[in-house]
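Undergrad: With the input below, show me the fold.
(4 chains)
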Protein chains: 2
Amino acid sequence: MSSPCAQHQHVHRLIQQPLTELTEKLRRGARKVTAPRQAILDVLRKHASPLTNKEIHAALGKEDCDLATIYRNMHTLELLGLVRRYDFGDGAARFELSAEEGSSHHHHLVCTRCRLIVEVDECFPEEFQSAIASRHGFTQVQHRLEFTGWCPKCQSR
Amino acid sequence: MSSPCAQHQHVHRLIQQPLTELTEKLRRGARKVTAPRQAILDVLRKHASPLTNKEIHAALGKEDCDLATIYRNMHTLELLGLVRRYDFGDGAARFELSAEEGSSHHHHLVCTRCRLIVEVDECFPEEFQSAIASRHGFTQVQHRLEFTGWCPKCQSR
DNA sequence: TTGTTATCTGCAAATCAATTGCAATTGTAA
DNA sequence: TTACAATTGCAATTGATTTGCAGATAACAA
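TA: Numbering: from 1, shown residues only, chains lettered A, B, ... in the order given. As a prediction, the model looks like this:
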């Protein structure tokens, strides 16, 4: 789990880019710290709501990269636990930095008319989840909780 | 909204097919009771887990209809509240009869390795949901709660 | 620095779920 | 039985996501 040769790696990193938890995780997973990956994570850091791959692509400025590269990287970043994937039911996956990377664990309230997304802190009780998991013999259980409705502006429609 | 001429309609229905809540709702929504719709609902009645459109299509026997017809009908049936749509994150929507149509309100625990689906009765507390809705000024708020993990058989993988 | 190598990237083509246009068919109400 | 809107089959299309492949590039050791 920890770096095998911290001193040597540290020197190396200082030369190339600032040491962050991000690069730490990438390297631990034998992944390269590439320009597209840093650019994608930068975009996510600057946005409060989860973004689609297309939105991420549009938000990349001079650090532009191929859309396919973004798709591939979102899988990688999700696998390494750097981003969290959401599906709000409109056909496009959305991503935001995972809890360990800035934002805290939370869920979303989505307006089904205008797609406004609001963060919600309420969460499904952990003890209930454990009970469900053990009752069915499941491990590695996580949950996904999403709220949908009409936001104030869309109610008169 | 209510039947304009209940007596006449009743006779009519008895001749064509048994009066059910299904046909009742279809007619209330000015929808026709067609063979594909009855066949789709029959398939859903016979299955415990939510099915994809493709699975429904495959399960239709002699009552086969075009896949596009199924897609169109799932929208209609969802709109009328006859079926409930789920998204377990593997790219294909799934459907099951809604609470009023046999099954009770519940959520799912899905194995991310073999796609085993188990029903879960635990639910997000109603009072919390109301609080969230009013705090953000939303109305028509519903929630989607899904659990994912590894089922007993897939844990050794 | 330099070389080696596995990982990445861009580009184009391919998938796959879901949607849509249109002409023919069918359920409903009168 | 008639009239008409709703529905269907079929083919073509859309839009998100994936994949094959050849040419870069980051990581690491010499």
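
Undergrad: ok, and does the helix or strand that contains A:Gln142 reach over to chain B?
TA: Per DSSP states H and E, A:Gln142 falls inside strand A:139-150. Yes: Strand A:139-150 reaches chain B (Cβ under 8 Å from any Cβ of the partner chain) through A:Thr139, A:Gln140, A:Val141, A:Gln142, A:His143, A:Arg144, A:Leu145, A:Glu146, A:Phe147, A:Thr148, A:Gly149, A:Trp150. Heads up, the C-betas are built off the backbone N, CA and C, glycines and all.

Undergrad: Stretch A:69-82 now?
TA: No: figure legend: stretch A:69-82 not in contact with chain B (Cβ under 8 Å from any Cβ); closest approach 11.1 Å.

Undergrad: Give me the PyMOL select line for the residues of strand A:139-150 next to chain B, limited to the buried ones.
TA: Selection of the buried residues among the residues of strand A:139-150 next to chain B in PyMOL, burial being defined by 16 or more other Cβ atoms under 10 Å in any protein chain shown:
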select buried, chain A and resi 141+143+144+145+146+147+148+149+150
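
Undergrad: if I pick the spatially most central residue of chain A, what's in contact with it?
TA: In chain A, the residue lying closest to the centroid (Cα atoms, centre = their mean) is A:Val83, at 2.3 Å. Residues near A:Val83 by Cβ atoms under 8 Å, 6 or more residues apart in numbering or on different chains: A:Leu41, A:Leu44, A:Met74, A:Leu77, A:Phe95, A:Glu96, A:Leu97, A:Ser98, A:Glu101.

Undergrad: List the buried residues for the helix or strand hosting the third one?
TA: Put plainly, it is A:Met74. Secondary structure from DSSP H and E places A:Met74 in helix A:67-79. The neighbour-count check on helix A:67-79 (16+ other Cβ under 10 Å) flags A:Ile70, A:Asn73, A:Met74, A:Leu77 as buried.

Undergrad: My read is that the first one contacts A:Asn53, right?
TA: Yes: the pair formed by A:Ile70 and A:Asn53 meets the contact definition of Cβ atoms under 8 Å, at 5.0 Å.

Undergrad: Would you confirm that A:Val33 belongs to a strand?
TA: No: counting by DSSP: H, G, I helix; E, B strand; the rest coil, A:Val33 falls outside a strand, being coil.

Undergrad: Now do the phi/psi pair for it.
TA: With angles defined as degrees, to the nearest 10, A:Val33 sits at phi -90, psi 90.

Undergrad: Check for me that A:Asp42 belongs to a strand.
TA: No: assigned with three-state DSSP, A:Asp42 falls outside any strand and is helix.

Undergrad: dump the residue contacts of it.
TA: A:Asp42 makes contacts with A:Glu63, as judged by Cβ under 8 Å, 6+ apart.

Undergrad: For it, give me the pLDDT.
TA: On pLDDT, A:Asp42 comes in at 94.

Undergrad: A:Leu14 now?
TA: With respect to pLDDT, A:Leu14 has a value of 33.

Undergrad: Need the three-state assignment for the residue of chain A most remote from its centre.
TA: Residue farthest from the centre of chain A, counting by Cα atoms, centre = their mean, is A:Ser156 at 33.3 Å. Look at A:Ser156: counting by three-state DSSP, its state is coil.

Undergrad: Find the least confident helix or strand in chain A, judged by mean pLDDT.
TA: Scoring the helices and strands of chain A by mean pLDDT, DSSP states H and E places helix A:6-16 at the bottom, with a mean of 32.

Undergrad: what does chain A have sitting close to DNA strand C?
TA: For chain A, the residues in contact with DNA strand C (Cβ under 7 Å from any atom of the strand) are A:26, A:30-32, A:34-37, A:64-66, A:68-69, A:72-73, A:76, A:91.

Undergrad: and with 10 Å instead?
TA: Selection of chain A residues close to DNA strand C by Cβ under 10 Å from any atom of the strand yields A:15, A:26-27, A:29-40, A:57, A:60, A:63-73, A:76, A:80, A:89-91.

Undergrad: buried subset of those?
TA: For these, buried by 16+ other Cβ under 10 Å: A:Leu26, A:Arg31, A:Pro36, A:Arg37, A:Gln38, A:Ala39, A:Ile40, A:His57, A:Cys65, A:Ile70, A:Asn73.

Undergrad: surely the third one meets A:His57?
TA: No: taking contact to mean Cβ under 8 Å, the distance of 10.4 Å between A:Pro36 and A:His57 leaves them out of contact.

Undergrad: Between those two, which contacts overlap?
TA: Common neighbours of A:Pro36 and A:His57 (Cβ under 8 Å, 6+ apart) are A:Cys65, A:Ile70.

Undergrad: interface residues of chain A facing chain B?
TA: A:85, A:87, A:89, A:109, A:111, A:118, A:120, A:122, A:124, A:128-129, A:131-133, A:136-152, A:155.
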